[in-house]
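Chemist: build me a structure from this.
(chains A and B)
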Number of protein chains: 2
Amino acid sequence: MSATLYWHRPSVARDERERLNGHRACAVWFTGLSGAGKSTLAHALERRLHEAGCRTFTFDGDNVRHGLCSDLGFSADDRHENARRVGELLRLFVEAGVITLAAFVSPYRADRARLADRIGRENFFEIYCRCSLEICEARDTKGIYRRARRGEIPEFTGISAPYEAPLAADLTLDTGTEPLDACAERVIALLRSRGVLDAEGSPTG
Amino acid sequence: MSATLYWHRPSVARDERERLNGHRACAVWFTGLSGAGKSTLAHALERRLHEAGCRTFTFDGDNVRHGLCSDLGFSADDRHENARRVGELLRLFVEAGVITLAAFVSPYRADRARLADRIGRENFFEIYCRCSLEICEARDTKGIYRRARRGEIPEFTGISAPYEAPLAADLTLDTGTEPLDACAERVIALLRSRGVLDAEGSPTG
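Modeler: Coordinates of the predicted model:
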């Protein structure tokens, strides 16, 4: 047998990917009521980071529930499994060097704490999108609050199921009243202060 | 209510990520017997692509079975669900603009065809790592062939379960006899010819 039979495995490490990208990888987790603007903020932030040359990706119900978690419903067990898989997904994207944004209602503190532990506290930033139920319900972009009020959606967060606000979020944004630009800027400032992005220079000058 | 209540969503599209990265995204799927060198080749290829400035990630049993698919065993149903999730994972990474390498035995043609369909034929390259059972068994880096021969692993591919070789792989490599460097070069040439990488210049000159 020749030496070619015994190949070694030169894996690319996360810090090498980070050096190539020019920024650290992390998970930015947006939590809050349906309609609070989590997904909109995540996508707006991603747009800014992308235009500044960062490697980014955004997860929300749309690209997870229809694909990876399409076999899951909304029972307690299925919600738990959904959260577990999203956590594993984020781990992989962070390992890949990506600034990974995730917008999920994620109403339970214990679930968010588990995620942070699994992804690594140093890689995980919890952003509380604080917005009154009144404003969320007035927006009702998907018509789900109307359906929830009619009793068509059991255990709907804010109506018939609890939302546990973060006790020590990395950042709290009043997404019902603060402009989108200002909210995005505050997340970028957080990422600078935590060393994900350089303190000076790009992104956003 | 102010105008800030109605935010729009400026998503970053895959082709924008690809422009930022300087290469197209795709899934490169390595199939073959256990011990054929799939994972080693994927990691060696990733090393080259990374050093040429490409955004890459490699999946194999190690980082999928222990995380995202840790709830699954090896029954037919669980193998099927495992394959489905890996497919969804690859879709997301390709959407994120990454050259995504995947090394799995994946013994069934129908499963590989399903993967290609789900990820998109134009994004999917099947690489057959052709290596005789004798060489794989002589390598037996993980000691699993010895265990399979003792009957400790039911339905072990190549011993007690079939391996269906690709009928029209994008590339067939004799990973039992060709040197690693040559195999990696041939995959890079394929990626060039299919427009994932520029025809000239980096990577690998």
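Chemist: now name the helix or strand holding the residue most central in space within chain A.
Modeler: In chain A, the residue lying closest to the centroid (C-alpha atoms, centre = their mean) is A:A102, at 1.7 Å. Following DSSP states H and E, one finds A:A102 within strand A:99-103.
Chemist: A:R118 and chain B: what is the separation?
Modeler: 9 Å (C-beta to the nearest C-beta, to the nearest Å). (Each C-beta comes from the backbone N, C-alpha and C, glycine too.)
Chemist: next, give phi and psi for the residue nearest to that residue when sequence neighbours are not counted.
Modeler: Leaving aside its sequence neighbours, A:R118 sits nearest to A:G87 (C-beta to C-beta, 6 or more residues apart in numbering or on different chains; 4.7 Å). In terms of degrees, to the nearest 10, the main-chain angles of A:G87 are phi -60, psi -40.
Chemist: my read: A:G87 touches A:D117, true?
Modeler: No: between A:G87 and A:D117 there is no contact under C-beta atoms under 8 Å: 9.1 Å.
Chemist: those two: who's more crowded?
Modeler: Counted by other C-beta atoms under 10 Å in any protein chain shown, A:G87 and A:D117 do not tie: A:G87 has more neighbours, with 23 against 11.
Chemist: follow-up on the earlier one: so which elements touch the strand holding A:A102?
Modeler: Strand A:99-103 is packed against strand A:26-31, helix A:38-51, strand A:56-60, helix A:76-95, with contacts defined by 3 or more C-beta pairs under 8 Å, 6 or more residues apart in numbering or on different chains; DSSP states H and E.
Chemist: so which of those is the most surrounded?
Modeler: strand A:26-31 (a mean of 27; mean count of other C-beta atoms under 10 Å in any protein chain shown).
Chemist: next, the angle strand A:56-60 makes with it.
Modeler: Strand A:26-31 runs at 30 degrees relative to strand A:56-60, counting by axes from the mean of the first three to the mean of the last three C-alpha atoms, to 10 degrees.
Chemist: who are the packing partners of strand A:26-31?
Modeler: By 3+ C-beta pairs under 8 Å, 6+ apart, strand A:26-31 packs against helix A:38-51, helix A:76-95, strand A:99-103, helix A:109-119, strand A:124-130, helix A:180-193.
Chemist: the ones you listed: lowest mean pLDDT?
Modeler: Comparing mean pLDDT across the helices and strands packed on strand A:26-31, the lowest value falls on helix A:76-95: a mean of 90.
Chemist: how far does that helix sit from its chain's centre?
Modeler: Going by C-alpha atoms, centre = their mean, to the nearest Å, the spacing between the C-alpha centre of helix A:76-95 and its chain's C-alpha centre is 11 Å.
Chemist: quick one on the thing from earlier: dump the helices and strands packed on strand A:26-31 into JSON lines; add distance to B:G158 as well.
Modeler: Compiled in JSON lines, the helices and strands packed on strand A:26-31 are given as follows (distance: least, C-beta to C-beta, whole Å):
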{"stretch": "helix A:38-51", "distance to B:G158": "44"}
{"stretch": "helix A:76-95", "distance to B:G158": "29"}
{"stretch": "strand A:99-103", "distance to B:G158": "38"}
{"stretch": "helix A:109-119", "distance to B:G158": "35"}
{"stretch": "strand A:124-130", "distance to B:G158": "42"}
{"stretch": "helix A:180-193", "distance to B:G158": "48"}
